[in-house]
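Engineer: Structure for this input, please:
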Amino acid sequence: MRIHPFRGLVPTPAAAPEVACVPYDVVNAAEAAALAAGRPHSLLHVDRAEIDLPAGTDPHADAVYARARENFQALQRAGVLVRETEPCLYVYQQRMGAHVQRGLVAGCHVDDYDAGRIKKHEKTRKDKEDDRTRLIDTLSADTGPVFLTYRDNAEVTVLVNAKTRERPLHDFTAPDGIRHTVWRIPGGAEWVQAFAAVPVTYIADGHHRAASAARVARLRRERNPRHNGGEEYNWFLCVLFPASELKILPYNRIITDLNGRSAADFLAKVKAAFGLQENAAPTPAAVGQVSMYLAGKWYGLRLPADAQADPVSRLDVSLLQDKLLAPVLGIHDVRTDKRIDFVGGIRGTGELVKRVDAAGGVAFSMYPVTLTQLMDIADAGQIMPPKSTWFEPKLRSGLVIHTF
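Structural biologist: The predicted model follows:
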């Protein structure tokens, strides 16, 4: 893997807790506006600039991108975001309760993305890709990092351990209780050398940001008659985490009805196909197990295993879809069917109970996909089913910004 130190923009230590914000795509406009209220330096004023325009403004309107550029420049003029004096890398640590993960903030090369050395496991949506492409191109900046993972490398771990014993650049706890700590690495030549031994990385989160950065690089190359490959737009902002430190939460499913069946008939169908354990725990204990909530009661299901199946077909979410959701509940396209909803595991199984108790239907609590499963699928060039993984904690945008 090629990694690249760069002269980025960073917030002053005093401003960092206010500037740093959740990723643009985990909140809607109303939620973004609420998070940014009373926080004029929040990067949400750049990443979701429609919050500073009249209610109902089309988020893809020209005025939104113009306001994003204006707000971005204002943060620099005010000295909230300051330019590094030399190229740097950074260690970024997140602590959520007892869980700690430590990644390296660096530029990664768009050619490595296009060549498949930065591996994908999701499809992107054109509208979302178009939006981020336009924002990155308008700002000449990557404001939000792509979340990458790699199989652990002992040399990199030694470097991270040594760096995190030093005094940090930023260290604060966000309102959601997650602690964010950043260490600056001037130069970083030994880190570049260490990552040269990492053969590939995998996108954990940020497929649209990665695809958009590659599109912007192609646009800039077409516009630049003197393009020579050394330009900063050939790199995009990433944080690279060792796989052993990451935490994947499940993406649970709620179906709003039983496809015209009574609860008793539905239970009989499920029991015939999977067997049922009554009074099961709300959270399944292992791969191949699913907990189902119906009519005030939890049931345990065991999914059929097929060791000969391909990596995608072996996933619990695939087996549940193919063996139960489609044939019994009539959910054939989870991307478009309005009868299914997805609940990130960070909300807990209590959210499933609350929603089913209030509106009926049935909920399925999943065991999380493992990093090994994700990497196997990416290595096979396959695509994960929609809403399969939920990584937590989320990376904050604005702690380091890459410009070109």
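Engineer: Thr283: neighbour count?
Structural biologist: Counted with other C-beta atoms under 10 Å, the neighbours of Thr283 add up to 17. Any C-beta I mention is one placed from the backbone N, CA and C, and that applies to glycine too.
Engineer: Tell me how many other residues surround the nearest residue in space to Glu232 that is not next to it in sequence.
Structural biologist: Nearest non-adjacent residue to Glu232, counting by C-beta to C-beta, 6 or more residues apart in numbering: Phe404, 3.6 Å away. When neighbours are defined as other C-beta under 10 Å, Phe404 has 19 of them.
Engineer: Correct me if wrong: Phe404 contacts Asp137.
Structural biologist: No: using C-beta atoms under 8 Å, Phe404 makes no contact with Asp137, being 10.2 Å away.
Engineer: Surely Pro40 is within a strand?
Structural biologist: No: according to DSSP: H, G, I helix; E, B strand; the rest coil, Pro40 belongs to no strand; its state is coil.
Engineer: Could you check how far it is from Val19?
Structural biologist: The gap separating Pro40 from Val19 is 10 Å, by C-beta to C-beta, to the nearest Å.
Engineer: Tell me which of these two has more neighbours.
Structural biologist: Val19 (27 against 14).
Engineer: Geometric centre of this protein: which residue is closest?
Structural biologist: Asp205 (3.0 Å; C-alpha atoms, centre = their mean).
Engineer: ok, that residue touching Phe391?
Structural biologist: Yes: contact status for Asp205 versus Phe391: in contact at 5.1 Å, counting by C-beta under 8 Å.
Engineer: anything in contact with each of those two?
Structural biologist: Residues touching both Asp205 and Phe391 (C-beta atoms under 8 Å, 6 or more residues apart in numbering): Phe147.
Engineer: burial of Val362, as a residue count?
Structural biologist: For Val362, using other C-beta under 10 Å, the count is 25.
Engineer: Val239 contacts Leu148, doesn't it?
Structural biologist: Yes: Val239 is within contact range of Leu148, at 6.8 Å (criterion: C-beta under 8 Å).
Engineer: which neighbours do these two share?
Structural biologist: In contact with both Val239 and Leu148: Gly103, using C-beta under 8 Å, 6+ apart.
Engineer: Go ahead and list the helix or strand containing Tyr90.
Structural biologist: Assigned by DSSP states H and E, Tyr90 belongs to strand 88-96.
Engineer: just checking, what packs against that strand?
Structural biologist: strand 99-109, strand 179-186 (3 or more C-beta pairs under 8 Å, 6 or more residues apart in numbering; DSSP states H and E).
Engineer: partners of the lowest-mean-pLDDT helix or strand in the chain in the sheet?
Structural biologist: Ranked by mean pLDDT, DSSP states H and E, the helix or strand of the chain with the weakest confidence is strand 390-391, at a mean of 90. If you go by DSSP bridges, strand 390-391 pairs up with strand 248-249 (antiparallel).
Engineer: so can I have TSV of the helices and strands packed on strand 88-96 showing mean pLDDT and distance to Val362?
Structural biologist: Shown next, in TSV, are these (pLDDT from 0 to 100; distance: least, C-beta to C-beta, whole Å):
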stretch	mean pLDDT	distance to Val362
strand 99-109	98	30
strand 179-186	98	37
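Engineer: Turn those strands into TSV, including distance to Tyr367 and mean neighbour count.
Structural biologist: Formatted as TSV, the helices and strands packed on strand 88-96 follow (distance: least, C-beta to C-beta, whole Å; neighbours: other C-beta atoms under 10 Å):
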stretch	distance to Tyr367	mean neighbour count
strand 99-109	18	22
strand 179-186	28	19
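Engineer: Where do the helices of the stretch 151-300 of the chain begin and end?
Structural biologist: With DSSP state H, counting those that start in this stretch as the definition, the stretch 151-300 of the chain shows helices at residue ranges 154-163, 189-195, 207-223, 263-274.
Engineer: quick one: which of the ones you listed is nearest Gly381?
Structural biologist: helix 207-223 (14.6 Å; C-beta to C-beta).
Engineer: quick one, that closest one and strand 99-109 angle?
Structural biologist: 20 degrees (axes from the mean of the first three to the mean of the last three C-alpha atoms, to 10 degrees).
Engineer: Tell me the confidence at Leu159?
Structural biologist: pLDDT recorded at Leu159 is 98.
Engineer: Quick check: it touching Glu190?
Structural biologist: Yes: between Leu159 and Glu190 there is a contact under C-beta under 8 Å: 6.7 Å.
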